[in-house]
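In: Return a 3D structure for these sequence lines:
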Amino acid sequence: MSESGKRKDVDGIGIARIGQIQIRAHDVERAADFYQNVLGLKLLFKAPPGLAFFDCGGVRLMIDHPEKPEFDHPSSIFYFAVPDIQSAYAQMEEKGVRFEDEPHMIAKMPGHDLWMTSFRDSEENLMALMSEVKTAR
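Out: Residues are numbered from 1 along each chain as shown. Below is the predicted model of the structure:
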């Protein structure tokens, strides 16, 4: 601790946000199609050999083929925030997305209810939608 009583490592190196997240894909073109045409994310660019980059509210998602066996595993769960979870669920279901469950309330919060539903992307990664539904509480 410093003399001011603050831990030096709390300030760290200045990390303020997530800049990029890698999502593994066995078929990068199929995955890029899913993220662009099913989830509606903006394709930033593609680069050889088999990379695709998307914008998700300022966070860059990189779709990449696993280079080594130790990287060939499902990703962490990403929770995509949507304004209307019921509408997003219906639109994605129409496009053939396989959901693990239906949209359901997770918690009553001050001013909103937190709703979620889980689905699989084209590469079998578990993903989720989340929505903060305003309430009159």
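In: what pairs with residue 116 across the strands?
Out: Beta bridges link residue 116 to residue 104, residue 130, judged by DSSP bridges.
In: I'd like to know the predicted local confidence at it, please.
Out: Note on residue 116: pLDDT of 94.
In: quick one, what contacts it?
Out: Listed by C-beta atoms under 8 Å, 6 or more residues apart in numbering, the contact partners of residue 116 are 79, 85, 103-104, 106, 128-131. C-beta: built from backbone N, CA, C; applies to glycine.
In: Equivalent analysis for residue 51, please.
Out: 28, 62-64.
In: cool, residue 17 as well?
Out: 58-59.
In: Which secondary structure state does it sit in?
Out: Per DSSP: H, G, I helix; E, B strand; the rest coil, the secondary structure class of residue 17 is coil.
In: The longest helix seen in the chain - contacts with which helices or strands?
Out: If each helix of the chain is counted by residues according to DSSP state H, the longest one is helix 85-94. Judged by 3 or more C-beta pairs under 8 Å, 6 or more residues apart in numbering; DSSP states H and E, helix 85-94 is in contact with strand 98-99, strand 112-120, strand 126-134.
In: Low-confidence regions, the chain specifically.
Out: 1-11, 13, 15, 137 (pLDDT under 70).
In: separation between the spatially most central residue of it and residue 46?
Out: Closest residue to the average C-alpha location of the chain: residue 78 at 3.3 Å, with C-alpha atoms, centre = their mean. Residue 78 sits at a distance of 20 Å from residue 46 (criterion: C-beta to C-beta, to the nearest Å).
In: picking up where we left off before, looking at the contacts of residue 51, which are in strands?
Out: When DSSP state E is applied, the contacts of residue 51 are split such that 62-64 fall in strands.
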